[in-house]
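> Provided below are the primary sequence and the corresponding predicted coordinates.
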Amino acid sequence: MGKGNVIVEKTFEFALNIIQYVEILERNRRYVIARQLLRSATSIGANVREAQNAESRADFIHKMKVAAKETEESEYWLELCQYSPGYPDPGELTGQCFVVKKIISAIIGSTRKMTKQKYYKVFKINNCHMVTLDQ
């Protein structure tokens, strides 16, 4: 796990907790929702982890946006479980999902802001100062 990287740690912890909850759902024979929730919730951390090795800022943003979509889907399945009669209460998972969603949203926003900023490099050639846009 990525030590010191909050979102990597939070999504890993969330996935572990989801696995435990899905096992409860399966014991209660709630297979369809269990599979959907397991896929979407564990995909969040996988996409966040993949984003750590993105080839560019645009690639990083794209992978984080996929993680954000998976977070929305996971939140939907958790809410269905929470409000459906006969389903075990997801407890703190809904709150964990919300925290992950907010962190991912902040990361996307700050990365987009950094991408829009222009960086200039100044150098000297033959006693003339030259300015280039560094991307």
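Here it is on my side, so go on. Numbering: from 1, shown residues only.

> need the three-state assignment for the residue lying closest to Arg30 once chain neighbours are set aside.
Among residues not flanking Arg30 along the chain, Tyr87 sits closest, at 6.3 Å (C-beta to C-beta, 6 or more residues apart in numbering). Any C-beta I mention is one placed from the backbone N, CA and C, and that applies to glycine too. Three-state call for Tyr87 (DSSP: H, G, I helix; E, B strand; the rest coil): coil.

> check Glu55 too.
coil.

> neighbours of it, how many?
8 (other C-beta atoms under 10 Å).

> most centrally placed residue in the chain?
Ala67 (3.9 Å; C-alpha atoms, centre = their mean).

> so which strand or helix has it?
helix 57-83 (DSSP states H and E).

> in the helix or strand that comes right after that helix, which residues are buried?
Once the chain leaves helix 57-83, the next helix or strand it forms, by DSSP H and E, is helix 93-116. Using 16 or more other C-beta atoms under 10 Å as the test for burial, helix 93-116 gives 93, 96-97, 100-101, 103-104, 107-108, 111.

> what's helix 93-116 packed up against?
Here helix 93-116 is seen to pack against helix 6-27, helix 31-51, helix 57-83 when contacts are counted using 3 or more C-beta pairs under 8 Å, 6 or more residues apart in numbering; DSSP states H and E.

> helix 6-27 and the second one, what's the angle between them?
Orientation of helix 31-51 against helix 6-27 (axes from the mean of the first three to the mean of the last three C-alpha atoms, to 10 degrees) gives an angle of 160 degrees.

> could you give the mean pLDDT of helix 31-51?
The pLDDT scores in helix 31-51 average 97.

> ditto for stretch 103-118
On average, stretch 103-118 scores 85.

> got a list of contacts for it?
6-7, 10, 44, 48, 57-58, 60-61, 64-65, 67-68, 71, 133 (C-beta atoms under 8 Å, 6 or more residues apart in numbering).
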